[in-house]
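Q: sharing a model prediction with you, sequence too.
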Amino acid sequence: MAVPVAAIAKAAAAILSDERARKAVGWTVAAILSPVILIIVVICALCSGTADHNSAAVELSFHGGVISSQVPPEYRQYIEDMRESFTGLDGAVSEITPMIEDGSLDDTRMKAIFYALFFGSENLRMDGGDYRNFADCFVRYEERTRTVTDADGNESEETYTVAIPITDLGTVYANLESALGRTITPDDQANAQRVYILALYGSAAGAGGGSGLPPGVEMGEGTFADLMAEATKYIGFPYVWGGSTPATSFDCSGFVCWVYTQSGVYNLPRITATGIYNQCAIVPKAEAMPGDLIFFTRTYATTKPVSHVGIYVGGGQMLHCGSPIGYANIESNYWREHFYAIGRLPQ
């Protein structure tokens with residue numbers, strides 16, 4: 001039997017006119033919809049693992065914690081796979097570490113790259129040898145000799161193997177491409193950098209949630225995540241003298257001015273590397289923070305003291321307009337020889 005529309009309207013009006021009835025209806029609707037809303041929120045938060053590297057998924061993978069029962073099984077499995085893989089990488093690092101005489105492996109960097117390459121992979125299963133092969137891409141091995149003395153006081157020479165950590169990311173990625181038999185794209189590398197910053201600094205590096213720097217260090221109205229999101233769009237772009245936009249490509253100062261301005265971190269109209277340097281407060285190299293600028297001298301023939309500028313991204317790396325735009329190890333012989341200063345733009 002059909003119910004007249006007028007009768008339905010009259011009943012609805014009666015319910016809505018009564019405060020207790022309105023509250024009852026409201027709580028009923030909330031009870032019905034809240035699980036659905038929660039699941040949608042969780043899916044949106046976690047399913048972006050290989051694209052946006054959501055901070056919640058990174059936090060759970062790198063630092064542990066309870067995975068909500070509302071998380072869909074497939075996403076729970078992705079996080080658990082990462083945790084298991086990180087344990088395997090820890091084992092590989094523990095095997096290599098006693099062979100290192102100088103420096104150390106950046107295991108957070110290693111895991112960030114692994115996460116960027118494999119988060120969301122179906123049936124991710126590796127054995128100890130696979131993890132060791134992956135970790136080996138971050139070191140080079142060298143045979144050395146040393147003098148040893150036996151119990152009777154007799155000396156002899158012995159050969160031993162030393163692991164030397166590789167600090168140049170370009171070399172690491174080339175090693176990984178060879179070991180994995182796959183191309184590691186600029187997007188992969190950019191994603192790995194975002195994961196690295198999130199793993200180190202947590203939600204402070206999330207979009208819209210701080211600067212990506214340790215607590216108390218600000219970067220203007222933008223964020224370090226915003227800065228990297230803009231800067232990494234142009235990895236692989238060629239160096240073009242005088243270039244200052246994506247349409248023309250960039251030179252070093254054009255790249256920095258474009259990225260800082262477009263990301264909202266700092267309004268930096270097109271000027272030279274020296275002009276950028278003149279706007280900065282100079283800080284000790286040991287106190288350099290991600291988002292600072294790093295300046296170099298005598299990289300080409302010029303009468304000005306500053307000839308090149310890049311963006312310091314942490315871990316001894318900068319992102320700069322080389323040839324092409326990409327990451328570089330600031331501790332390599334070339335960049336150490338030409339280092340000039342670390343600059344921090346006004347807040």
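A: Yep, that arrived. Please read these numbers as outputs of a predicted model, since none were measured by experiment.

Q: quick one, helices of the stretch 51-200 of the chain?
A: For the stretch 51-200 of the chain, the helices defined by DSSP state H, counting those that start in this stretch cover 55-63, 73-96, 107-118, 128-136, 169-180, 186-201.

Q: for residue 243, which of those helices is the nearest?
A: helix 186-201 (17.9 Å; CB to CB). Heads up, the C-betas are built off the backbone N, CA and C, glycines and all.

Q: remind me which residues of the stretch 201-347 of the chain are low pLDDT?
A: The stretch 201-347 of the chain contains residues with pLDDT under 70 at 201-222, 347.

Q: what helix or strand is residue 312 on?
A: Per DSSP states H and E, residue 312 falls inside strand 308-314.

Q: who does that strand touch, helix- and strand-wise?
A: helix 186-201, helix 224-231, helix 252-263, helix 273-279, strand 293-296, strand 317-321 (3 or more CB pairs under 8 Å, 6 or more residues apart in numbering; DSSP states H and E).

Q: try 6 Å this time
A: helix 252-263, strand 293-296, strand 317-321 (3 or more CB pairs under 6 Å, 6 or more residues apart in numbering; DSSP states H and E).

Q: buried set for that strand?
A: 308, 309, 310, 311, 312, 313, 314 (16 or more other CB atoms under 10 Å).

Q: so which of the helices and strands packed on strand 308-314 is the most surrounded?
A: Most buried of the helices and strands packed on strand 308-314 by mean neighbour count (mean count of other CB atoms under 10 Å) is strand 317-321; its value is a mean of 25.

Q: ok, residues contacting it?
A: The contact list for strand 317-321 (CB atoms under 6 Å, 6 or more residues apart in numbering) reads 231, 239, 250-252, 255, 294, 310-313, 327-328, 330.

Q: closest one of the buried residues of strand 308-314 to residue 194?
A: Out of the buried residues of strand 308-314, the member with the shortest distance to residue 194 (by CB to CB) is residue 313, at 10.3 Å.

Q: now do the contacts for the closest one.
A: 290, 319.

Q: against residue 183, how distant is it?
A: Distance, residue 313 to residue 183, using CB to CB, to the nearest Å: 22 Å.
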